[in-house]
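Participant: What follows is a predicted structure for the sequence shown.
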Amino acid sequence: MSPTPFTRGQATDTTPVRVHTSSLRVGLVFVVAVWLIRRLAGLVMIIVRTPLLLAAALVIIGLAVLWSRFGTWPAVVAAVLLVVGLVVWRLRWPAWFTRTVGNRARSLGRWFWIYRRSWQPAMITANLAQHRDGTEYLPQLLDVTSTRWVDRVRVRLLPGQTLDDWAEIAHRLAQSFAVDACRVHSTDHVQVIEVWALHRDPLTDTVAPTDPADLDLDRLELGRAESGDRFRLGLLGHHVLVVGATGSGKGSVIWSMIGQLAPGLVDGSVRLWVIDPKGGMELAPGEAVFDRFAHGTTATDAGEVGLWEGSFAGLLDDAVEVMRDRQDRLRGVTRLHQPTPGDPLIVIIIDELASLTAYVSDRSMRKRIDASLSLLLSQGRAVGVSVVAAVQDPRKDTIPVRDLFPTRICLRVTEPEHVTLALGAGTRAKGAQAERIRHDLPGVGFVQVDGIPEPTRVRFAHITDPDIAAMVTKITTAADHDQQLHAVGGAVA
Ligand SMILES: Nc1ncnc2c1ncn2[C@@H]1O[C@H](COP(=O)(O)OP(=O)(O)OP(=O)(O)O)[C@@H](O)[C@H]1O
């Protein structure tokens, strides 16, 4: 017999017991006994490897010992005390209880009732099983970790299978496991993937913004991910492009980001330079916390008489100057600028990028903007100049600088191609079908960060007009206070 190429994989028996009568004759009782011992050993292994089952087994053994030694009542009292203890734990410390008991029980139940039972049919109907020499090999179901929203199913691939093979049939898996959607994620191990089976969508509810205690530019908490976890995004050393049709919630991404930068705006380690080409209609409510605000004007104080875009070009040119100055200072000192109040991170926010790159009628002005923007996007990250830009239409003729953004966010769009243009090739196949996002879910989208293979589906926090007003008041009041403190400190010094 030729050696089988399948050295790993879950071989499934087509008969519960295999008896090769031609090679060996054994009694039926022996065969059944061996089969039972194997099953029992398997069960013991599962119990030992599963902390919750092990705990339950120990409790049952303890109660049984109590009952056999001291009679029924002590065992009943112990059982009641245990139940009361669990109820108190659940009510008093719900998050801890969910983590320790709830999610583990859920994982066990869903592993047993859903994945273990339907694994073989699901693999066969999705063409993920293989047959060799009369044996069926299935990708190995390693374990299941469940939360209220998602089951993370770890799977060892068969030889030759890739993540893309699974991503292509993710919708079929979702149907087999009766969940809303399946997404396929890579893991640290090249032969192991994680299938995220989403059985409840945490993104149908609006997400409230959080108040950041400190500035953490690597982990701005902007909303919630579809795993139910908080969604955090890094801004230090990044540029962010937000793509979305009108009404998709681009504003919520920008305002969530401003909200999370608040501690830096208070102490001066972050400065916002804002361009709102819609005449300031979108971002003017935040003007008090912006260091620079260019909203288009034909007035002479824009420096470019008669040209609406003059103030935009002026702001970008100044940012290039800051960038050049920092490059001179930091050359050979550091490869990534660390913001301080004296040398802040400059975040350039552009509300409708196409107004700067595609809709500028004056050719020389357009050239000037293109040149500055390209320089900032290609060299600004390392020296603390980050660009956050929103746009409706991600096509190359509209946004020639699209590929210079390492972080892309795609909210609801009108065409499937817009997803590929916004997030990159292959992201739609990995589940980022942003054209299917419902109109009644503004702020929902997919985030693709350079270096992370799969896009993440998230909902950004919803920031209302009163929230913006409160945020601006809080930042300006705290900043005034901060300045007074510094002034006092300076006087004393
Ligand atoms: N994250 C969110 N959660 C809930 N509702 C949101 C969210 N973001 C935006 N909305 C609501 O959706 C509507 C459109 O939002 P927004 O103006 O931010 O969209 P937009 O993409 O900026 O649109 P446009 O391009 O036309 O300016 C608003 O009524 C807003 O309140």
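Facilitator: Cool, the structure landed.
Participant: Would you confirm that residue 356 contacts residue 275?
Facilitator: Yes - using C-beta atoms under 8 Å, residue 356 is in contact with residue 275, at 7.1 Å. C-beta coordinates here come from the backbone N, C-alpha and C atoms, glycine included.
Participant: So which bits of stretch 94-101 are buried?
Facilitator: Burial within stretch 94-101, assessed by neighbour count using 16 or more other C-beta atoms under 10 Å, is assigned to 97, 98.
Participant: circling back: if I look at residue 356 and residue 275, which residues touch both of them?
Facilitator: Counting by C-beta atoms under 8 Å, 6 or more residues apart in numbering, the common neighbours of residue 356 and residue 275 are 312, 350.
Participant: I'd like to check which residues are in contact with the residue of the chain found nearest the ligand.
Facilitator: Of the residues in the chain, the one nearest the ligand is residue 443, at a distance of 2.0 Å by C-beta to the nearest ligand atom. Residues in contact with residue 443 (C-beta under 8 Å, 6+ apart) are 206, 207, 223, 248, 249, 252, 253, 411, 459, 460, 461, 462.
Participant: now residue 50
Facilitator: 104, 108.
Participant: on that earlier part again, can you lay out the contacts of residue 443 as JSON lines showing pLDDT, distance to residue 371 and secondary structure?
Facilitator: Formatted as JSON lines, the entries for the contacts of residue 443 read as follows, by pLDDT from 0 to 100; distance: C-beta to C-beta, whole Å; DSSP: H, G, I helix; E, B strand; the rest coil:
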{"residue": "206", "pLDDT": "94", "distance to residue 371": "41", "secondary structure": "coil"}
{"residue": "207", "pLDDT": "95", "distance to residue 371": "39", "secondary structure": "coil"}
{"residue": "223", "pLDDT": "96", "distance to residue 371": "34", "secondary structure": "strand"}
{"residue": "248", "pLDDT": "95", "distance to residue 371": "30", "secondary structure": "coil"}
{"residue": "249", "pLDDT": "94", "distance to residue 371": "31", "secondary structure": "coil"}
{"residue": "252", "pLDDT": "93", "distance to residue 371": "31", "secondary structure": "helix"}
{"residue": "253", "pLDDT": "95", "distance to residue 371": "27", "secondary structure": "helix"}
{"residue": "411", "pLDDT": "97", "distance to residue 371": "29", "secondary structure": "strand"}
{"residue": "459", "pLDDT": "97", "distance to residue 371": "37", "secondary structure": "strand"}
{"residue": "460", "pLDDT": "97", "distance to residue 371": "32", "secondary structure": "strand"}
{"residue": "461", "pLDDT": "96", "distance to residue 371": "35", "secondary structure": "coil"}
{"residue": "462", "pLDDT": "95", "distance to residue 371": "37", "secondary structure": "coil"}
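Participant: near the ligand, from those?
Facilitator: Filtering these for proximity to the ligand by C-beta under 6 Å from any ligand atom leaves 206, 248, 249, 252, 459, 460, 462.
Participant: what about the first one, how many neighbours?
Facilitator: By the criterion of other C-beta atoms under 10 Å, residue 206 has 14 neighbours.
Participant: Could you do the fourth one as well?
Facilitator: Taking other C-beta under 10 Å as the neighbour definition, residue 252 ends up with a count of 27.
Participant: can you pull the contacts of it?
Facilitator: Contacts for residue 252 were tallied using C-beta under 8 Å, 6+ apart; they are 442, 443, 460, 461, 462, 463.
Participant: Next one: the nearest residue to residue 114 once chain neighbours are set aside, what pLDDT does it get?
Facilitator: Ranked by C-beta to C-beta, 6 or more residues apart in numbering and with sequence neighbours excluded, the top spatial neighbour of residue 114 is residue 177, at 5.7 Å. Looking at residue 177, its pLDDT stands at 94.
Participant: count of neighbours near residue 177?
Facilitator: Other residues near residue 177 number 19, with proximity taken as other C-beta under 10 Å.
Participant: phi, psi of it?
Facilitator: The phi and psi values for residue 177, taken as degrees, to the nearest 10, are phi -90, psi 10.
Participant: contacting residues around it?
Facilitator: Residue 177 makes contact with 114, 115, 118, 122, 151, 197, according to C-beta under 8 Å, 6+ apart.
Participant: Buried ones only from those, please, as a ChimeraX command.
Facilitator: When burial is assessed using 16+ other C-beta under 10 Å, the buried subset of the contacts of residue 177 is captured in ChimeraX by this command:
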select :114,115,122,151,197
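Participant: which one of the contacts of residue 177 is nearest residue 377?
Facilitator: The shortest separation between residue 377 and any of the contacts of residue 177 is 37.9 Å, and it belongs to residue 197 (by C-beta to C-beta).
Participant: Need the residues that contact whatever helix or strand the closest one lives in.
Facilitator: With elements delineated by DSSP states H and E, residue 197 resides in strand 192-198, which encompasses its position. Among residues not part of strand 192-198, those counted as contacts by C-beta under 8 Å, 6+ apart are 142, 149-157, 163, 166, 170, 173-174, 177, 179-187, 226-227.
Participant: List, one by one, the residues from this protein near the ligand.
Facilitator: Taking C-beta under 6 Å from any ligand atom as the contact definition, the chain meets the ligand at 206, 244, 246-252, 392, 442-443, 459-460, 462.
Participant: what's the farthest-apart pair in those?
Facilitator: If you compare every pair in those using C-beta to C-beta, the most distant one turns out to be 206 and 392, at 22.5 Å.
Participant: quick one: residue 446 is in a strand?
Facilitator: Yes - remark: residue 446 belongs to a strand, assigned using DSSP: H, G, I helix; E, B strand; the rest coil.
Participant: neighbours around it, how many?
Facilitator: A count of neighbours around residue 446, defined by other C-beta under 10 Å, yields 26.
Participant: Quick check: bridge partners of it?
Facilitator: As for beta bridges, residue 446 partners with residue 410, residue 457 under DSSP bridges.
Participant: Quick check: it touching residue 454?
Facilitator: No - using C-beta under 8 Å, residue 446 makes no contact with residue 454, being 9.5 Å away.
Participant: which residues are common contacts for the two?
Facilitator: Overlap of the contact sets of residue 446 and residue 454 (by C-beta under 8 Å, 6+ apart) consists of residue 431.
Participant: got the domain boundaries for this structure?
Facilitator: Per the record, the chain has its domains at 119-200, 220-483, by automatic domain parsing.
Participant: ok so, going back, list only those of the contacts of strand 192-198 flagged as buried.
Facilitator: The neighbour-count test (16+ other C-beta under 10 Å) applied to the contacts of strand 192-198 identifies 149-157, 163, 166, 170, 173-174, 177, 179, 181-185, 226-227 as buried.
Participant: Nothing else from me, thank you.
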